[in-house]
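Asker: Below is the sequence, then the predicted model.
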Amino acid sequence: MISEILAAAGAEYAQGRFIRMPEGTHAVYFDDVDAETADPVAIAGMPRVYHHSVTVEVYEPAPDDAIEAAIEAELDARGLSWSKQDRFWLKDLQRYQTVYEFTYTSKSK
């Protein structure tokens, strides 16, 4: 789901990190997952419920309101509740950073 959101928003993205930082605006995401089953004793083939806690870090060489608006529109289109930290300057990277956090639940079949 995270890849779909960022791709639809038009963001260049990677999970965890980029080996070489792109020159333009880009995003890095982290997906922490907790898994559970209806029965504490997992049975082969039993569906699982996955709770995702997602952090998306958007790095911008200059303030990029358009990409932020696009990401927010994609989150809203999926009915997700999200939080956004205020944009701040990372002196060592010479980039602005805006952080989004949201959660969602998925199920295995």
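Answerer: Thanks, I have it.

Asker: ok, longest helix in the chain?
Answerer: As assigned by DSSP state H, the longest helix anywhere in the chain is helix 65-77.

Asker: Mind listing what's buried along that one?
Answerer: Ile67, Glu68, Ala70, Ile71, Glu74, Leu75 (16 or more other C-beta atoms under 10 Å). All C-beta atoms are positioned from the backbone trio N, CA, C, and that covers glycine.

Asker: want to throw those residues into TSV with distance to Ala35 and pLDDT?
Answerer: Shown next, in TSV, are these (distance: C-beta to C-beta, whole Å; pLDDT from 0 to 100):
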residue	distance to Ala35	pLDDT
Ile67	32	96
Glu68	31	97
Ala70	31	97
Ile71	26	97
Glu74	25	97
Leu75	23	97
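
Asker: so which of those residues comes closest to Tyr59?
Answerer: Of all those, Tyr59 sits closest to Ile67, with 10.3 Å by C-beta to C-beta.
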